[in-house]
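K.L.:
structure of the sequence below:
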Amino acid sequence: MSIAKVTEIISSSPKSFKDAVEQGIARANKTLENVTGAWIKDQKVEVVKGKITQYRVVMRITFVLKDLKANEK
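P.N.:
Next comes the predicted model:
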């Protein structure tokens, strides 16, 4: 049996929503083990003088928790 946990992160990129998602997942993967998926909860843009300067995504990252071995309990 496996147990998963979900955590919410916000990521941004000056390039695109796709890049913001890719950067967010890459960064989450550095800290969290066993990342298995992501759900994009929200997308926003930051606008300065009529131009988009940042693409932001709010993501829910899913990762599977490690099983503890008998000697680690």
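K.L.:
where does the prediction get shaky in this structure?
P.N.:
70-73 (pLDDT under 70).
K.L.:
and the strands in it, which stretches?
P.N.:
For the chain, applying DSSP state E gives strands covering 4-13, 35-48, 51-64.
K.L.:
minimum distance to Ala28: which of those has it?
P.N.:
Taking Cβ to Cβ, strand 51-64 is the member of the strands of the chain nearest to Ala28, at 4.8 Å. In this view, the C-beta of every residue, glycine as well, is placed from N, C-alpha and C.
K.L.:
strands paired with the closest one, and their directions?
P.N.:
Strand 51-64 has its sheet partners listed here by DSSP bridges as strand 4-13 (antiparallel), strand 35-48 (antiparallel).
K.L.:
turn those strands into CSV, columns for mean neighbour count and distance to Val58.
P.N.:
Formatted as CSV, the strands paired with strand 51-64 follow (neighbours: other Cβ atoms under 10 Å; distance: least, Cβ to Cβ, whole Å):
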stretch, mean neighbour count, distance to Val58
strand 4-13, 14, 5
strand 35-48, 12, 4
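K.L.:
just so I know, which of those lies nearest Leu65?
P.N.:
Leu65 lies closest to strand 4-13 among these, at 5.8 Å (Cβ to Cβ).
K.L.:
pull that closest one out as CSV, backbone CA atoms only.
P.N.:
Written as CSV, here are the backbone C-alpha positions of strand 4-13 (Å, rounded to 0.1, in the frame of the first residue of the first chain):
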residue,chain,number,x,y,z
ALA,A,4,0.7,10.0,-1.2
LYS,A,5,0.8,13.6,0.0
VAL,A,6,-0.1,16.8,-1.8
THR,A,7,1.6,20.1,-1.3
GLU,A,8,0.9,23.5,-3.0
ILE,A,9,3.5,25.6,-4.6
ILE,A,10,3.6,28.8,-6.7
SER,A,11,6.1,29.1,-9.6
SER,A,12,6.7,31.9,-12.0
SER,A,13,8.6,32.5,-15.3
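K.L.:
that one: how far from the chain's middle?
P.N.:
Its chain's average C-alpha position is 3 Å from that of strand 4-13, according to Cα atoms, centre = their mean, to the nearest Å.
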